[in-house]
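S.K.: sharing a model that was predicted from the sequence below.
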Amino acid sequence: SYQRFASCYRCFYKLQPEMTRSIYDQFVSQLQASVKEEIREVKEEGNLDMLFNSLDKIVEEAKNQEEPAWRPSGVPEDDIRSAMVPYLLKHRSYLCKVLKEKEELNRKVAQSVLTGRNRIAELQQLIEARKHTWQ
């Protein structure tokens, strides 16, 4: 504030209060310009505009979520378990589905093999019967 500035330069303020006010105004305007320039340079160097835009997008997407965002509990084992259990359950159900499909395929192949063996046995009997008939 101007009062704090004036108290720092009390002697000068007592001699020329108008000049002190003018110096204060110039100091504040140059300080504001300098800070704005620094912020602009930091934004350019770090590509912050793009990062801020992506952050805004994330915030907008989060507004549509009904459940609260995940927060760590402070117990690493519980945190890992809470993150991994849903994934592992989903993977387990996928593996069960694949297992059922493979078992069904194996059942069909086994049935096909049995049918083929029966057909081979029938053909062998037919060959044997024709062989006896021919002899």
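M.R.: Noted; the coordinates are in hand.
S.K.: center of this structure - which residue?
M.R.: I58 (10.6 Å; Cα atoms, centre = their mean).
S.K.: against R71, how distant is that one?
M.R.: From I58 over to R71 the distance is 16 Å, taken as Cβ to Cβ, to the nearest Å. Quick note: C-beta positions are derived from backbone N, CA and C, even for glycine.
S.K.: same check on D49?
M.R.: D49 is 29 Å from R71, by Cβ to Cβ.
S.K.: the two: who's more crowded?
M.R.: D49 (10 against 7; other Cβ atoms under 10 Å).
S.K.: may I ask which helix or strand encompasses that one?
M.R.: helix 48-63 (DSSP states H and E).
S.K.: kindly report the same for S93.
M.R.: helix 76-134.
S.K.: D79: how many residues sit nearby?
M.R.: 14.
S.K.: wait, it sits on P72?
M.R.: Yes. Between D79 and P72 there is a contact under Cβ atoms under 8 Å: 5.2 Å.
S.K.: break the chain into its domains for me.
M.R.: 1-64, 79-134 (the TED database).
S.K.: so which elements touch the one helix or strand S29 maps to?
M.R.: Assigned by DSSP H and E, S29 belongs to helix 17-45. With contacts defined as 3 or more Cβ pairs under 8 Å, 6 or more residues apart in numbering; DSSP states H and E, the packing partners of helix 17-45 are helix 2-8, helix 10-15.
S.K.: the ones you listed: which one's closest to I120?
M.R.: helix 2-8 (104.8 Å; Cβ to Cβ).
S.K.: what comes up buried for the closest one?
M.R.: A6 (16 or more other Cβ atoms under 10 Å).
S.K.: average pLDDT for it?
M.R.: Taken as a whole, helix 2-8 carries a mean pLDDT of 82.
S.K.: just stretch 120-135 next, same as before
M.R.: Averaged across stretch 120-135, the pLDDT comes to 93.
S.K.: now it - C-alpha only, CSV.
M.R.: Provided in CSV are the C-alpha atoms of stretch 120-135 (Å, rounded to 0.1, in the frame of the first residue of the first chain):
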residue,chain,number,x,y,z
ILE,A,120,-13.6,-95.4,-39.2
ALA,A,121,-14.8,-98.4,-37.2
GLU,A,122,-17.8,-98.8,-39.5
LEU,A,123,-15.6,-98.5,-42.6
GLN,A,124,-13.2,-101.1,-41.2
GLN,A,125,-16.1,-103.4,-40.6
LEU,A,126,-17.5,-102.8,-44.1
ILE,A,127,-14.0,-103.4,-45.6
GLU,A,128,-13.7,-106.6,-43.6
ALA,A,129,-17.2,-107.7,-44.7
ARG,A,130,-16.4,-107.0,-48.4
LYS,A,131,-13.1,-108.7,-48.0
HIS,A,132,-14.8,-111.9,-46.7
THR,A,133,-17.4,-111.6,-49.5
TRP,A,134,-14.7,-111.3,-52.1
GLN,A,135,-12.7,-114.3,-50.9
